[in-house]
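# I need the structure of the sequence given here:
(one chain, ligands or ions: 2)
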Amino acid sequence: MLTQTASPTVAEPCSRLSPDAGQGGPSKLCLGGGLPSADVRLRANGGTRVILDHMPGEPQKTFYLETFGCQMNAHDSEKVVGTLLSEGYRQVQTVEEAELVLYNTCSIRDKAEQKVFNRLSDYKKFYKQGKRFGVLGCVAQQEGEKIFERAPYVSLVCGSASYRNLPQMLIQIEAGKQRVTGLDDRETDECFETEFTARTNPHRGYITIIEGCDKFCAYCVVPFTRGKERSRTSDSVLSEARQMADLGYTEIQLLGQNVNSYKDPAGKKSFAELLAAVGEIAGIRRVRFTTSHPRDFGRDIIDAIDAVPTLCDHVHLPVQSGSERVLDAMQRLYTRDEYLERISWMKAARREISITSDIIVGFPGETEVEFEETLSLLDDVEYDSIFGFKYSPRPNTPALKLDDAIPDEEKARRLAMLNEKQREIQRRRYQRYLGTTLEVMVENRNEARGQWSGRTSQNKVFNFTAPEDAKPNVGAYVTVMTTGTFPNSLLGELVV
Ligand code: 5AD
Ligand code: SF4
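Numbering: from 1, shown residues only. Ligands and ions are numbered 1, 2, ... in the order given. Got it, this is the predicted structure:
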């Protein structure tokens, strides 16, 4: 599954870049030439810039969109923004300025879900002024029409499987319809493919290759909110990747709840073959993919990383628990040993592969001994980073029926122990880079610290200084010497 974050998606001129939406920062929208005005310029997937025929002087409909959750949501929002722009809307940066206020929501844990209801109640006062509110994404799909009861001023409730019908839904809202829904498409075989994607970064972009999930892990709400698993054809993915390369993108991240469960509907390419083919496109320098499921993780993925240098040396492989019994109760479909076998393939790769993971503590019935098995797995794998979560009971999921809930304080204690142990592992692992040089893709400048920031191919954050006469450009690939290490980042100096 995917990294979680909360980020307002706002329009910004291209020259001002921000951290990756999926890495915790606010995502800024790059529209190939600045804020859209009367004449909206949209970078379409078609490789050309489409000039939408909005008449100068004509009042434009405005919208505000805030995004919560994972990279999948961040990228869905890029497509939703593109769709709205193509329907003649203009994106604004505050709720106050907007006629239509949209929240693209996450329901993976209770806390994420609460955030959207807090937002809605903060802004309901604006309903009387004629603003319309819409809830999109996982909370919309999960709660459905109940949202209208809880927040009667909401006009639109739409799950991600229904986004392709957004233009028709917008027409209904504009016509004054009070309750518009898009909730009935979870069984669809179609992905949300749109020719308009308002990407948030001109150098690095996402491509969804598979939507939905059929795994039904006992704790997880995703199969209920994002619907059944469906893949795009490899031809369609490759043509989008080529168009991005033509537009100057150098880094592509393939996205899916389980990218490696990818099945080409045309039967042409396996996931590993698709990965390699994207990596071989001229102009593409880095290809990432997230998230992989251990059950479907084949050796051919490592072979592809070995064979194609543009495939990044980083694999995110969520384990969730180190205990055999808990893995079984979670319905994860692999054993600890099978997981460790996949880790051993990665450790035998030609390049050192950075391995990261997601872990849940306090799953119902998890004993102290079982939790310690998770701690011992950290020692066995030596991850480069983990995302640890306290188990959060979710609607509809099989784990709701399990007894032996673990008290919140105990979950918090286990999470703190997990993070502390991992911090020590990272402190040790990162020290190995001291005195070595690494290639960094420059992402932004931190004026206050007088530093530049970027990421290595292994996805490690690298902060560095550069001489006045050799300032790097955002999006450039530079060589940096490591002069300091921390548990979560590297520090260095540009090599000129
Ligand atoms: N409680 C806590 N964490 C969860 N995740 C998914 N569902 C839950 C839940 N109910 C975590 C998993 C997943 C990550 C994105 O979120 O670790 O990999
Ligand atoms: Fe990932 Fe399992 Fe949730 Fe599917 S059900 S999205 S595999 S955690």
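# For the closest residue to ligand 2 within the stretch 351-496 of the chain, give me its contacts.
Of all residues in the stretch 351-496 of the chain, D358 sits closest to ligand 2, at 8.0 Å by Cβ to the nearest ligand atom. Heads up, the C-betas are built off the backbone N, CA and C, glycines and all. Taking Cβ atoms under 8 Å, 6 or more residues apart in numbering, we find D358 in contact with 1, 291, 316, 318-320, 386-389.
# run the last query once more with 7 Å
Contacts for D358 (Cβ atoms under 7 Å, 6 or more residues apart in numbering) come out as 1, 318, 320, 387, 389.
# what do you get for G484?
Applying Cβ under 7 Å, 6+ apart, we find G484 in contact with L491.
# Check which helix or strand it maps to.
Secondary structure assigned from DSSP states H and E places G484 in strand 477-485.
# Please determine whether stretch 93-109 lies in contact with ligand 2.
No. Stretch 93-109 lies out of reach of ligand 2 by Cβ under 6 Å from any ligand atom, never closer than 8.1 Å.
# That stretch - what's its average pLDDT?
For stretch 93-109, mean pLDDT is 95.
# Show the backbone phi and psi for the residue of the stretch 351-496 of the chain closest to ligand 2.
Per-residue torsions, D358: phi -110, psi 140 (degrees, to the nearest 10).
# please renumber so the chain begins at 354
Will do, 354 is the new start, and the previous item becomes D711.
# Can you classify S460 by secondary structure?
Three-state call for S460 (DSSP: H, G, I helix; E, B strand; the rest coil): coil.
# Report how many residues lie close to it.
Neighbourhood size, S460 [other Cβ atoms under 10 Å]: 25.
# ok now do it, which residues does it touch?
Counting by Cβ under 7 Å, 6+ apart, S460 touches 466, 491-492, 495, 574, 578.
# for H646, same thing?
H646 touches 568, 611, 613-614, counting by Cβ under 7 Å, 6+ apart.
# and with 10 Å instead?
By Cβ atoms under 10 Å, 6 or more residues apart in numbering, the contact set of H646 is 354, 566, 568, 570, 609-614, 670-671, 685-687.
# Ramachandran coordinates for the spatially most central residue of the chain?
The chain has Q424 as the residue nearest its centroid, 1.1 Å off, counting by Cα atoms, centre = their mean. When read as degrees, to the nearest 10, the backbone of Q424 gives phi -60, psi -30.
# V448: what secondary structure?
Under three-state DSSP, V448 falls in the coil class.
# Would you mind listing what in the stretch 454-603 of the chain touches ligand 1?
So the stretch 454-603 of the chain meets ligand 1 at 461-462, 572-573 (Cβ under 6 Å from any ligand atom).
# Isn't the residue nearest to the centre of the chain up against G558?
No. Assessed by Cβ atoms under 10 Å, Q424 is found out of contact with G558, at 11.1 Å.
# anything in contact with each of the two?
Common neighbours of Q424 and G558 (Cβ under 10 Å, 6+ apart) are Q606.
# Roughly how far does V492 sit from Y456?
To Y456, V492 is 8 Å away according to Cβ to Cβ, to the nearest Å.
# ok, now N799?
29 Å.
# Same drill for the two, tell me which one is more crowded.
Neighbour tally, N799 and Y456, criterion other Cβ under 10 Å: the higher count belongs to Y456, 24 against 10.
# With respect to ligand 2, which of the contacts of S460 is nearest?
Distance to ligand 2 across those (Cβ to the nearest ligand atom) is lowest for V574, with 7.4 Å.
# Before I go, just wanted to say thanks for your time.
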